[in-house]
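K.L.:
could you look at this predicted model? Sequence included:
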Amino acid sequence: MKLSTKGRYAVMAMADLAHHGGKKPVSLGEIAGRQEISLSYLEQLFAKLRKAGIVKSVRGPGGGYHLARDPDNIQISDIILSVDEPIKATRCKTGSAEGCLGNGTRCITHDLWDELSRQIHLFLSEVSLGDVINRRVLGRSGMFGVDEHVAAPQMARDTSGDLSARTALAGE
């Protein structure tokens, strides 16, 4: 499954707004510059986010956007779904009984991909915008020996002198 740019950019922009927001509104131009997202694309996304009640707009000079509620009360799944991004791994049309094969039946792996879609939705429903901006996401699954003691990626110089990202484990 691949999340399209619509959902990914909406989450990126909302994380930027949550991180840089404060008493004064944040303009879409500022978000566009920091996140390298087209301003016109952000305008489309934020119209949907506003309609969904996730952000509030402030008009006039110095205007921009605020979060409509605390970042810990905004789920990532809500952001993605508010911009009309389906969370699905099947090729079948959402809500359709018709399958993805030419004869209208479902493929033999349909249930696998359908359940994966449900698991992704559950995960994104459990992660808040506050979790993202406060770096409380990595290690949530408990897989691969990664846990909450993992440090954020740090920049390190490799032997050629180039900067590269690496993850430092606590205690190393």
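P.N.:
Perfect, I can see it now.

K.L.:
what count of nearby residues applies to His66?
P.N.:
By other CB atoms under 10 Å, the residues close to His66 number 16. Just so you know, the C-beta spots here come from the backbone N, C-alpha and C atoms, and that holds for glycine as well.

K.L.:
show me where this structure has strands.
P.N.:
55-58, 64-67, 150-157, 163-169 (DSSP state E).

K.L.:
ranking these by mean pLDDT, which is last?
P.N.:
Among these, strand 163-169 carries the lowest mean pLDDT, a mean of 37.

K.L.:
residues in contact with the residue nearest in space to the middle of the chain?
P.N.:
Nearest to the mean C-alpha position of the chain, counting by CA atoms, centre = their mean, stands Val11 at 3.4 Å. Neighbouring residues of Val11 by CB atoms under 8 Å, 6 or more residues apart in numbering: Ile76, Ile79, Ile80, Val132.

K.L.:
what about it, distance to Glu30?
P.N.:
From Val11 across to Glu30, the span is 17 Å (CB to CB, to the nearest Å).

K.L.:
what do you get for Val55?
P.N.:
Distance, Val55 to Glu30, using CB to CB: 14 Å.

K.L.:
which of those two has more neighbours?
P.N.:
A direct count of neighbours by other CB under 10 Å for Val55 and Glu30 places Val55 higher, at 27 against 15.

K.L.:
I'd say that one and Lys48 touch.
P.N.:
No - checked against CB atoms under 8 Å, the pair Val55 and Lys48 is beyond contact range at 9.7 Å.

K.L.:
right, and Leu17 touches Pro71 too?
P.N.:
No - counting by CB under 8 Å, Pro71 is not a contact partner of Leu17; they are 9.1 Å apart.

K.L.:
between these two, who's got more neighbours?
P.N.:
Comparing Leu17 with Pro71 by other CB under 10 Å, the one with more neighbours is Leu17, at 26 against 19.

K.L.:
what's near enough to touch the more buried one?
P.N.:
For Leu17, the contacting residues are Val26, Ile31, Val55, Tyr65, His66, Leu67, by CB under 8 Å, 6+ apart.

K.L.:
so what pairs up with the third one in the strands?
P.N.:
Per DSSP bridges, the residues bridged to Val55 are Leu67.

K.L.:
residue numbering should commence at 56 henceforth.
P.N.:
Got it, the first residue is 56 from now on, which makes the last one we talked about Val110.

K.L.:
give the contact list for it.
P.N.:
With CB under 8 Å, 6+ apart, Val110 has these contacts: Met69, Leu72, Phe101, Leu104, Tyr120, His121, Leu122, Ala123.
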